[in-house]
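I need the structure of the sequence given here:
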Amino acid sequence: MKIDQSFVRADPHDSNCTAIVSAIAALGRSLGMMTLAEGVESQEQWRRIMASGCTAAQGFLVSYPLPPESIGDFLAEEAKRNCTM
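A predicted model of the protein is given here:
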């Protein structure tokens, strides 16, 4: 289940956006689905989204757009990095 970037980029003190993100994450969990926040560009955004229960992110924090021929190398490096955590 995807969380729109407008909620990711919202003012961190906007309790309505925080409540919406938490509700989407809870709905995803209750349905056995992963929740993905789109447009995550900073560690602070990721920490806030994760604290609301989101399980994954896409955006410039993860990677800038890559040409198709580079995706395999990127995924291999991520797999190595995640195995050492």
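
the residue nearest to the spatial centre of the chain: which element?
The residue lying closest to the centre of the chain (Cα atoms, centre = their mean) is residue 57, at 1.9 Å. Following DSSP states H and E, one finds residue 57 within strand 56-58.

most remote residue from this structure's center?
residue 69 (23.9 Å).

okay, it: pLDDT?
The score at residue 69 is 92. That number is its pLDDT.

what's around residue 70, how many residues?
By other Cβ atoms under 10 Å, 11 other residues sit near residue 70. Using the backbone N, CA and C atoms, a C-beta is placed for each residue, glycine as well.

quick one: contacts of the longest helix seen in the chain?
Longest helix in the chain, counting residues (DSSP state H): helix 15-30. Outside helix 15-30, the residues within contact range by Cβ atoms under 8 Å, 6 or more residues apart in numbering are 1, 3, 7-8, 10-12, 34-35, 37, 48-49, 52-55.

do stretch 72-85 as well
63, 66.

now it: how far from the chain's centre is it?
17 Å (Cα atoms, centre = their mean, to the nearest Å).

which parts of the chain are strands?
2-3, 36-38, 56-58 (DSSP state E).

most tightly packed of those?
Highest mean neighbour count among the strands of the chain (mean count of other Cβ atoms under 10 Å): strand 36-38, with a mean of 20.
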